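Q: pasting the structure only:
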């Protein structure tokens, strides 16, 4: 297989499918498997680039979320009966804050619930971190359909902000260390905040200037009215698809918000994209190709999502472990197979070219 | 030891100093404290029984822990909660599901507080409501509830005095409580104390010998107090006379169903033993192994790539 970088959109679809799958379960084993799958793919296919080092930061952020979630549960959690581990001194809050509990007995059940919910959010963040590491934000920008070009620029600049900030912060920390200034803990953080923000502002001004000079934002000869209609149709289509996806994924949503919305959105989006293609004035230089490995990648991600959604609809036990009575999580077969399938891109995608490996 | 780990250790120390290790279940503690008596009315919905029980509790108990104490007292299944703290089941009803929605209706346990003969829909969850002796904890199963304060209140006494008669602190050696309620069709619950329930205090003083064979009789519409039961419907745990539950035949006497939950001497049933996970937790072991394998695979891949690059 000729080495090449995979289409960035394929990585994002794969990662978002994993993230959506994480929303369908609170089973810690399944969530840990999802993080493991994200990690193995990142380890195998992450390019050598500034944005590729963010996965670890996202995972650390996820761990912090778990800790905060458990601490909040210990301090303010609902006091439900269960196996009491220890009791914090509790305070009776005044009438205006009634309903909020502070302190009191901390049960094993509540801690397990808090940990699982924190882990779910952490998994979501790890999946987004995986996409951030794997896909180049600049190539993603070029993959945006031309009708959404301006929106795409905004989104991509926003997405590339996180990895660039990590790089900038690391540089500033190194500089502070070399000068013998505090670079750790709260004091280090205080010293670093202003330079990091300053750098971010400077970078965005630079980016704006360079984009301006390269002719970004050029409209071509399409009349303004037609362009507006095209943009509105695209936005409405995307919105309908988002609502439709919500309707399909949320079991309690009314039927109208599900499949019908998806169909309406797809029709609107296809129409607007087709119209835009006919009047496109912008060509792209060496566009990213979409071949079999891309299909394999998004199918692998889709397998994980489909397995969890199907398991939810089939009533497979173990997606949401029981808390009362407290039970060990089980390992339901269908979701496990789906999630492990999502690790396929680690082997089935072409290796990275030498300059990125 | 780095500064960070020192800080961590200090935090852990403070946390443990604040914490009073207590072991065991909250329920046990609540029963032992036994300083106040909380009236708990559980109405399993129209066409079924209403139980009014006086549960000994501590001043720091909340609605949820009192429900758990009530379950231990009656020997019924412990209340079930979901991950977000919503009460799913009392006495094992319903078996599965939690606040299931169908159309715009919910099947759920509604939570009321009764004071001075009036029920009010609780705006708190049981976990954040501190109980007091003057307020009845009322629960009613709503098969088609709107999830609003307009849902019907429990058909039971809404004043604590009607359930927990002022009397000497009951000991575990004698019947703690027995609410026997027969009420008419779901009338506004505020009238229930006068029509449906007359003498819970009497039954709460029932001695073990009184609970023997029930006198079969028809409960007139509007309800009287007493244990009316079709003998075939009677489920009684005889060993030690722990409890005798009689449930009226709902179909034959739909308007007036009577039930009695009676506790006899030594009537505090042990809480049902926690379900043991049964055998080795294969799922957990396999899952952890899979996660470790994925992590190791990733590490190997990363190592191989960095070596190839070098």
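A: Cool, got the structure. Everything numeric here is computed off the predicted structure, so don't read it as measured data.

Q: low-confidence ranges, chain A, go.
A: Along chain A, the model assigns pLDDT under 70 to residues A:94-99, A:146-148, A:150, A:156, A:159-160, A:217-220, A:251-252, A:279-282.

Q: okay, buried residues for stretch A:67-87 please.
A: A:69-70, A:73-74, A:77-87 (16 or more other CB atoms under 10 Å in any protein chain shown). C-betas here are computed from N, CA, C, even on glycine.

Q: mark which of these are part of helices, please.
A: Among the buried residues of stretch A:67-87, the ones falling in helices (DSSP state H) are A:69-70, A:73-74.

Q: between those, which is closest to chain B?
A: residue A:74 (8.2 Å; CB to the nearest CB).

Q: which residue comes closest to that closest one once chain neighbours are left out?
A: If you skip the residues right next to it in sequence, residue A:74 has residue A:106 as its closest partner in space, 5.4 Å away by CB to CB, 6 or more residues apart in numbering or on different chains.

Q: name every strand pairing with the strand or helix carrying the one you found and say which way it goes.
A: Residue A:106 belongs to strand A:102-107 when elements are defined using DSSP states H and E. As defined by DSSP bridges, the strand partners of strand A:102-107 come to strand A:84-91 (antiparallel).

Q: show the contacting residues for the residue in the stretch 201-350 of chain A that chain B sits nearest to.
A: Proximity of the stretch 201-350 of chain A to chain B (CB to the nearest CB) peaks at residue A:331, 3.6 Å away. Neighbouring residues of residue A:331 by CB atoms under 8 Å, 6 or more residues apart in numbering or on different chains: A:29-30, A:318, B:282-284, B:286-287.

Q: can you tell me the SS state at it?
A: coil (DSSP: H, G, I helix; E, B strand; the rest coil).

Q: would you agree the residue nearest to residue A:74 is in contact with residue A:76?
A: No: using CB atoms under 8 Å, residue A:106 is not in contact with residue A:76, being 11.0 Å away.

Q: what's around the residue nearest to residue A:74, how many residues?
A: The local packing of residue A:106 (other CB atoms under 10 Å in any protein chain shown) involves 24 other residues.

Q: for it, give me its contacts.
A: Contacts of residue A:106 by CB under 8 Å, 6+ apart are A:73-74, A:77, A:84-88, B:19.

Q: turn these into JSON lines, including distance to residue A:204.
A: As requested, the contacts of residue A:106 are exported to JSON lines (distance: CB to CB, whole Å):
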{"residue": "A:73", "distance to residue A:204": "38"}
{"residue": "A:74", "distance to residue A:204": "40"}
{"residue": "A:77", "distance to residue A:204": "41"}
{"residue": "A:84", "distance to residue A:204": "52"}
{"residue": "A:85", "distance to residue A:204": "48"}
{"residue": "A:86", "distance to residue A:204": "49"}
{"residue": "A:87", "distance to residue A:204": "51"}
{"residue": "A:88", "distance to residue A:204": "46"}
{"residue": "B:19", "distance to residue A:204": "48"}
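
Q: how close does the residue nearest to residue B:143 when sequence neighbours are not counted get to residue B:71?
A: In this structure, residue B:143 finds its nearest non-sequential neighbour in residue B:107, 5.3 Å apart by CB to CB, 6+ apart. Look at residue B:107 and residue B:71: by CB to CB, to the nearest Å, they are 20 Å apart.

Q: give me the neighbour count for the residue lying closest to residue A:6 once chain neighbours are set aside.
A: Distances taken as CB to CB, 6+ apart place residue A:349 nearest to residue A:6, at 5.2 Å, with adjacent residues excluded. Using other CB under 10 Å, the number of residues around residue A:349 comes to 25.

Q: quick check: the spatially most central residue of chain A vs chain B, distance?
A: The residue lying closest to the centre of chain A (CA atoms, centre = their mean) is residue A:128, at 2.7 Å. Residue A:128 sits 18 Å away from chain B, going by CB to the nearest CB, to the nearest Å.

Q: just to revisit the earlier point, tilt between the next helix or strand after the strand holding residue A:106 and strand A:102-107?
A: Next along the chain after strand A:102-107, taking DSSP H and E as the criterion, comes helix A:108-134. Helix A:108-134 and strand A:102-107 meet at an angle of 90 degrees, taking axes from the mean of the first three to the mean of the last three CA atoms, to 10 degrees as the criterion.

Q: and the residue of the stretch 101-250 of chain B found nearest chain A, its phi and psi?
A: In the stretch 101-250 of chain B, the residue that lies nearest chain A is residue B:127 (3.6 Å; CB to the nearest CB). With angles defined as degrees, to the nearest 10, residue B:127 sits at phi -70, psi -20.

Q: let me see the contact set for it.
A: By CB under 8 Å, 6+ apart, the residues touching residue B:127 are A:78-80, A:101, B:62-64, B:85.

Q: distance check, the closest residue to residue A:143 other than its chain neighbours against chain B.
A: Distance criterion CB to CB, 6+ apart; nearest residue to residue A:143, sequence neighbours excluded, is residue A:9 at 5.0 Å. Distance, residue A:9 to chain B, using CB to the nearest CB: 23 Å.

Q: element containing residue A:9?
A: Assigned by DSSP H and E, residue A:9 belongs to helix A:8-23.

Q: going by neighbour count, which residues of that helix are buried?
A: By neighbour count on 16+ other CB under 10 Å, the buried set for helix A:8-23 is A:8-22.

Q: and stretch A:264-278, by the same measure?
A: Buried residues in stretch A:264-278 (16+ other CB under 10 Å): A:264-265, A:268-269, A:272-273, A:275-276.

Q: tabulate the residues you listed in a markdown table, adding columns for secondary structure.
A: Formatted as a markdown table, the buried residues of stretch A:264-278 follow (three-state DSSP):
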| residue | secondary structure |
| --- | --- |
| A:264 | helix |
| A:265 | helix |
| A:268 | helix |
| A:269 | helix |
| A:272 | helix |
| A:273 | helix |
| A:275 | helix |
| A:276 | helix |
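
Q: tell me the one of the contacts of residue A:331 nearest residue A:288?
A: Of all the contacts of residue A:331, residue A:288 sits closest to residue A:30, with 32.2 Å by CB to CB.

Q: name the helices or strands packed onto the host helix or strand of that closest one?
A: Applying DSSP H and E as the criterion places residue A:30 in helix A:28-45. Applying 3 or more CB pairs under 8 Å, 6 or more residues apart in numbering or on different chains; DSSP states H and E, one finds that helix A:28-45 contacts helix A:8-23, helix A:54-76, helix A:108-134, helix A:292-314, helix A:333-341, helix A:345-348, helix B:282-309.

Q: the last one to helix A:333-341, inter-axis angle?
A: Here helix B:282-309 points in a direction 0 degrees away from that of helix A:333-341 (the same axes, to 10 degrees).

Q: got the buried residues for helix B:282-309?
A: Residues of helix B:282-309 classed as buried: B:283-284, B:287, B:290-291, B:294-295, B:297-298, B:301-302, B:305 (neighbour count, 16+ other CB under 10 Å).

Q: pull the most distant pair out of those residues.
A: B:283 and B:305 (33.0 Å).

Q: returning to that earlier point: distance of the residue nearest to the centre of chain A relative to residue B:294?
A: As judged by CB to CB, residue A:128 and residue B:294 stand 19 Å apart.

Q: interface residues of the stretch 151-300 of chain B facing chain A?
A: B:274-275, B:277, B:281-284, B:286-288, B:290-291, B:294-295, B:297-299 (CB under 8 Å from any CB of the partner chain).

Q: can you give me the end-to-end span of stretch B:150-157?
A: Start-to-end span of stretch B:150-157 (CA to CA, to the nearest Å) is 18 Å.

Q: who's in contact with residue A:133?
A: So residue A:133 contacts A:42, A:46, A:51-55 (CB under 8 Å, 6+ apart).

Q: now it: how far from residue B:302?
A: Counting by CB to CB, the gap from residue A:133 to residue B:302 is 12 Å.

Q: again, but for residue A:45
A: Counting by CB to CB, the gap from residue A:45 to residue B:302 is 11 Å.

Q: now do the contacts for residue B:35.
A: Residues in contact with residue B:35 (CB under 8 Å, 6+ apart) are B:56-59.

Q: can you map out the helices along the stretch 51-200 of chain B?
A: Taking DSSP state H, counting those that start in this stretch to define them, one finds helices in the stretch 51-200 of chain B at B:63-74, B:160-163, B:192-195, B:200-204.
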